[in-house]
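> Here is a sequence together with a model predicted from it:
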Amino acid sequence: MVYQSPMGARDLLPLDVAQKRWIEERLQQVFHRWGYHRIITSTVERLDTLMAGGAIHRETVLKLQEADDDLGLRPELTASIARAAVTRMAGATHPLRLYYNANVFRRSLAGNPSNQQEFYQAGVELLGVGGCLADAEVLLLMVDCLANLELQQWSILLGEAGLTRALLASFPEDLREQVRQAIAHLDRLALEAMPLSPELRDRALRLFHLRGNAGEVLAQVAEFGLNPEQQTMVANLKSLIDLLQTAPALQESRLTLDLSLVQTIDYYTGVVFEVVAPSASGLVVLGQGGRYDQLLGLYHPLGQTYPGIGFALQMEQLHQVLLPTGQLPQQTAASDWLVVADRSAAYPAAIAYARTLRAAPHPIRVELDLGQRTYPEIYDYAKHRRIARIAWVKAPGDVVIETVQPST
């Protein structure tokens, strides 16, 4: 029998880990610069927490069966952080600036060619404050992350879930969700096949195409005959776009206003966004997020809610677009020293010398040779592992240091 990882899971080998850590460290630098603090929530949650009031579909959750509890593995982090914020962090000063770096699990559904069920995400949640400036902070923080990764080609799709939901309100209630899903998945054929009146079909297709230059799209939206509340949403969206375009890294060409953008997770109430980039396999979504001003109230003991906004960057997709650039590590880190006892009587002295080297004020890698190798094999090993120096330890504790010439 050949043992392999289960369907939908995969092992990260040392080079994979080194490359993943390269990405994580650069994202963490940005999170710290913006004043965010790391939070680690439970991998296992109750299903009613994970489903966020029905915003996350039950069939996407990997469930664990227990005698008394209906438990599952988190398919994303926002719901868990919202639960922790209003229970474990009740009374904390707002705003809460939190970031995470964790694995998530989603059931592989039919039609998913990769069958992957475990993913890695890094992201932020800004809780307890609403408004245009908070929206701008989170989006500009995400832009700063992309800049710190030195990504050259990317763009942001920006939408407004509340406005899109309001524009969908004119559709029959029994068809509204189907229209929403068709728009969310860019499925024009499904939209055209729905039993809609000519007027509603025309409206659906107009919604489907509400994407492009911000000024042009806002002008098209004005033609829908907006009520005062919807006009306020449009004004807030315009204010946000004006703020975003003051950032040097976010030129107009990088920002697309897409009011057909509907996230498949349905707890968003305001701005929603995706960052996309070209890759060898086509356009990939590097991350997504948005505002969710009702989510925290689901978990508060008294139903009290607070505004929130955040984003998640997808580590696998970032790895995919960064790998061809040559920025990621191409090999695992080499050890600095190989400490070798020349005979068994020198083992204690070799262990002590390795301990001394590891106590250096700056971090170094020190390997202890475990014996059973000839001198030529020790040299071959050191060259193969790119070890810079060998410390030959004699029985009395005398040490001879030799620099290893790298292989040509």
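Okay, I see it. Residues are numbered from 1 along each chain as shown.

> where in the stretch 151-300 of the chain is pLDDT low?
252 (pLDDT under 70).

> redo that, cut-off 80
Within the stretch 151-300 of the chain, the segments meeting pLDDT under 80 span 184-185, 251-253, 262-266.

> What is the neighbour count of the nearest residue to V86 once chain neighbours are set aside?
Leaving out its chain neighbours, the residue that sits closest to V86 by Cβ to Cβ, 6 or more residues apart in numbering is H300, at 4.3 Å. Backbone N, C-alpha and C define where each C-beta goes, glycine included. Other residues near H300 come to 16 when the count uses other Cβ atoms under 10 Å.

> so H300, which of the three states?
Secondary structure, DSSP: H, G, I helix; E, B strand; the rest coil: H300 is coil.

> Torsion angles phi and psi at it?
As for H300, its main-chain torsions (degrees, to the nearest 10) stand at phi -70, psi 130.

> Quick check: it vs Y306, distance?
Note on H300: its distance to Y306, by Cβ to Cβ, to the nearest Å, is 8 Å.

> Give me the common contacts of the two.
V86 (Cβ atoms under 8 Å, 6 or more residues apart in numbering).

> List the contacts of stretch 210-219.
157-158, 220-221, 234, 237-238, 241, 252, 255-261.

> cool, and stretch 319-333?
So stretch 319-333 is contacted by 14-15, 18-20, 22-23, 149-151, 277-281, 284, 286, 365, 386 (Cβ under 8 Å, 6+ apart).

> Please apply the same query to stretch 356-370.
333-341, 350-351, 354, 378, 385, 387, 391.

> got the end-to-end distance for stretch 124-142?
End-to-end span of stretch 124-142 (Cα to Cα, to the nearest Å): 9 Å.

> Could you list the buried residues of it?
Neighbour counts over stretch 124-142 (16 or more other Cβ atoms under 10 Å) mark 124-130, 132, 134-142 as buried.

> follow-up on the earlier one: inside strands: which ones of the contacts of stretch 210-219?
157-158, 255-258 (DSSP state E).

> now those in a markdown table, with neighbour count and distance to T93?
Formatted as a markdown table, the ones in strands among the contacts of stretch 210-219 follow (neighbours: other Cβ atoms under 10 Å; distance: Cβ to Cβ, whole Å):
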| residue | neighbour count | distance to T93 |
| --- | --- | --- |
| L157 | 18 | 33 |
| L158 | 24 | 30 |
| L255 | 21 | 33 |
| T256 | 20 | 36 |
| L257 | 24 | 34 |
| D258 | 22 | 35 |
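
> May I ask which two of the residues you listed are separated the most?
Maximum pairwise distance in the ones in strands among the contacts of stretch 210-219, criterion Cβ to Cβ, is 9.8 Å, between L255 and D258.

> can you list residues touching both of those two?
What both L255 and D258 touch, as defined by Cβ under 8 Å, 6+ apart, is the set L158.

> And the strands in the stretch 1-150 of the chain?
Ranges of strands in the stretch 1-150 of the chain, per DSSP state E, counting those that start in this stretch, are 37-38, 44-46, 63-65, 70-73, 96-105, 118-127.

> Tell me which of those strands lies nearest to I56.
strand 70-73 (10.0 Å).

> And the closest one, what does it pack against?
On a contact count with 3 or more Cβ pairs under 8 Å, 6 or more residues apart in numbering; DSSP states H and E, strand 70-73 meets strand 44-46, helix 47-50, strand 63-65.

> List of residues touching that strand?
With Cβ under 8 Å, 6+ apart, strand 70-73 has contacts from 43-48, 50, 61-65, 104-105.

> which neighbours does it have in its sheet, and in what orientation?
Using DSSP bridges, the strands paired with strand 70-73 are strand 44-46 (antiparallel), strand 63-65 (antiparallel).

> Now the weakest link among the ones you listed, please, by mean pLDDT.
Lowest mean pLDDT of the strands paired with strand 70-73: strand 63-65, a mean of 77.

> quick one, the longest helix belonging to the chain and strand 96-105 angle?
Longest helix in the chain by number of residues (criterion: DSSP state H): helix 14-33. Helix 14-33 and strand 96-105 meet at an angle of 160 degrees, taking axes from the mean of the first three to the mean of the last three Cα atoms, to 10 degrees as the criterion.

> Does anything pack onto helix 14-33? Which helices or strands?
strand 96-105, strand 118-127, helix 132-148, helix 315-322.

> is it possible to export these to JSON lines including mean pLDDT and distance to A85?
Output for those, formatted as JSON lines (pLDDT from 0 to 100; distance: least, Cβ to Cβ, whole Å):
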{"stretch": "strand 96-105", "mean pLDDT": "96", "distance to A85": "6"}
{"stretch": "strand 118-127", "mean pLDDT": "96", "distance to A85": "5"}
{"stretch": "helix 132-148", "mean pLDDT": "96", "distance to A85": "15"}
{"stretch": "helix 315-322", "mean pLDDT": "96", "distance to A85": "23"}
